[in-house]
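1. build me a structure from this.
(2 chains)
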Amino acid sequence: QQPVQSPQAVILREGEDAVINCSSSKALYSVHWYRQKHGEAPVFLMILLKGGEQKGHEKISASFNEKKQQSSLYLTASQLSYSGTYFCGSNFGNEKLTFGTGTRLTIIP
Amino acid sequence: DAGVIQSPRHEVTEMGQEVTLRCKPISGHNSLFWYRQTMMRGLELLIYFNNNVPIDDSGMPEDRFSAKMPNASFSTLKIQPSEPRDSAVYFCASSLGHSGANVLTFGAGSRLTVL
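-> Numbering: from 1, shown residues only, chains lettered A, B, ... in the order given. This is a model prediction of the structure:
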């Protein structure tokens, strides 16, 4: 029940926008997004709960389509600090979180 | 709070040796997770505990792997005997909550190399 992420990798110039997608084959309770920089641990970005409550940072936001069991992460006006690997995590109502294979984002000046 | 603390940060061992990885979760957190990260398989959930009780160990690769949580502030992941294919970064994470809204805080990881 590992979620599927796309694309696998993205290269952007600073200031450009990106969208990362995550889909599940099973009905989701929540979707979590984490970012991992090289050599570091994953860090929580945001969570989207079934029922529509959405959280986000200033230029990083996300949506959750419950009918399609899909979530998308939007990064606008990307900054160099956004580089890293983004993981979505699928949750089905308990504490267990299963991560997708990741999307590697590279921002170049 | 010091966050989730893992030790050792790096471990190099020879095939057949026993390896023990340690984790101290954030005080007050009631769930603890062990993940393994490799290039081929990504971030895999091995096992998780809630209130010190193992809830789901379906991700544990085989009997060579075992995990314990004797109290709320300590957990171990043991590999005996170790094999080269066990080489990976092992992350421990903890969270507070009982539902899918719990946020995981990860430790810095333990990088294991089995020769």
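2. quick check: chain neighbours aside, which residue is closest to the residue nearest the centre of chain B?
-> The residue at the geometric middle of chain B, judged as the C-alpha nearest the mean C-alpha position with CA atoms, centre = their mean, is B:W34 (3.0 Å). The shortest distance from B:W34 to any residue other than its chain neighbours is 4.4 Å, reached at B:L46 (CB to CB, 6 or more residues apart in numbering or on different chains). In short, each C-beta sits where N, CA and C put it, glycine included.
3. is B:F49 in a helix, a strand, or coil?
-> Look at B:F49: counting by DSSP: H, G, I helix; E, B strand; the rest coil, its state is strand.
4. that one and A:S6: what is the separation?
-> In this structure, B:F49 lies at 32 Å from A:S6, with CB to CB, to the nearest Å as the measure.
5. please tell me how far the residue nearest to B:W34 sits from B:F33.
-> Per CB to CB, B:L46 is found 8 Å from B:F33.
6. what sits against A:K96?
-> Residues near A:K96 by CB atoms under 8 Å, 6 or more residues apart in numbering or on different chains: B:L45, B:Y48, B:I55, B:D56.
7. so which of those residues are also by chain A?
-> When CB under 8 Å from any CB of the partner chain is taken as the criterion, the members of the contacts of A:K96 that contact chain A are B:L45, B:Y48, B:I55, B:D56.
8. any weak-confidence spans in chain B?
-> Counting by pLDDT under 70, chain B contains low-confidence ranges at B:1, B:98.
9. same thing but at 50, please
-> Per-residue confidence of chain B (counting by pLDDT under 50) places no residue in a weak region.
10. the strands in it, which residues?
-> Using DSSP state E, the strands of chain B run over B:5-7, B:10-13, B:19-24, B:31-38, B:42-50, B:53-56, B:65-71, B:74-79, B:88-95, B:105-106, B:110-114.
11. which one of those strands lies closest to A:L12?
-> With respect to A:L12, and counting by CB to CB, the nearest of these is strand B:42-50 at 22.1 Å.
12. go ahead and measure how far that closest one is from the middle of the chain.
-> On the basis of CA atoms, centre = their mean, to the nearest Å, strand B:42-50 is displaced by 7 Å from the centre of the chain it belongs to.
13. how about stretch A:10-28?
-> For stretch A:10-28 - counting by CA atoms, centre = their mean - the centre lies 6 Å from the chain centre.
14. ok so, going back, and the contacts of A:K96, which are buried?
-> Among the contacts of A:K96, those classed as buried by 16 or more other CB atoms under 10 Å in any protein chain shown are B:L45, B:Y48, B:D56.
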